[in-house]
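**Student:** how would this look folded up:
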Amino acid sequence: MCRFLIVIERAKRNYSACSPDLPGCIATGKTRDEAEKNMYKAIKIHLQGLLEDHLPIPKSNAISEYIVVS
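**Tutor:** Take a look at the predicted model:
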């Protein structure tokens, strides 16, 4: 089992998602939930491709934190 941070952002008409640890692995959706589900599928496909190409699965190094600025 692998665990990856994903970032979901609202666009004008939809949501987009990416993972800092998996460059190029992105997904979109009409809703936040749909973008998250599509990102889950995209990550599975991305990892499967890495395995098929005999490439290593990257370790998850990304972290997330909110900072309050006044």
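
**Student:** Could you check the pLDDT of residue 13?
**Tutor:** With respect to pLDDT, residue 13 scores 96.

**Student:** Same check on the one 4 residues further on?
**Tutor:** At residue 17, the model reports a pLDDT of 98.

**Student:** Determine the three-state secondary structure at the nearest residue to residue 20 once chain neighbours are set aside.
**Tutor:** Nearest in space to residue 20, with sequence neighbours left out and distances taken as CB to CB, 6 or more residues apart in numbering, is residue 62 at 4.0 Å. The C-beta positions use only the backbone N, C-alpha and C, and glycine is treated the same way. Here residue 62 is coil, with the state taken from DSSP: H, G, I helix; E, B strand; the rest coil.

**Student:** give the contact list for residue 62.
**Tutor:** Counting by CB atoms under 8 Å, 6 or more residues apart in numbering, residue 62 touches 4-5, 19-21.

**Student:** Return the distance of it relative to residue 70.
**Tutor:** Applying CB to CB, to the nearest Å, the value for residue 62 to residue 70 is 26 Å.

**Student:** again with residue 46
**Tutor:** 39 Å.

**Student:** Pick out whichever of these two has more residues nearby.
**Tutor:** The neighbour comparison of residue 46 against residue 70 (other CB atoms under 10 Å) goes to residue 46, with 20 against 2.

**Student:** my read: residue 20 touches residue 5, true?
**Tutor:** Yes - with contact defined as CB atoms under 8 Å, residue 20 reaches residue 5; the gap is 6.2 Å.

**Student:** Spatially, what comes nearest to residue 3 if we skip its sequence neighbours?
**Tutor:** residue 60 (5.7 Å).

**Student:** quick one: contacts for that neighbour?
**Tutor:** Contacts for residue 60 (CB under 8 Å, 6+ apart) come out as 2-5, 21.

**Student:** Select, from those, the two members most distant in space.
**Tutor:** 2 and 5 (11.3 Å; CB to CB).

**Student:** Quick check: which element contains residue 50?
**Tutor:** Taking DSSP states H and E as the criterion, residue 50 maps to helix 32-52.
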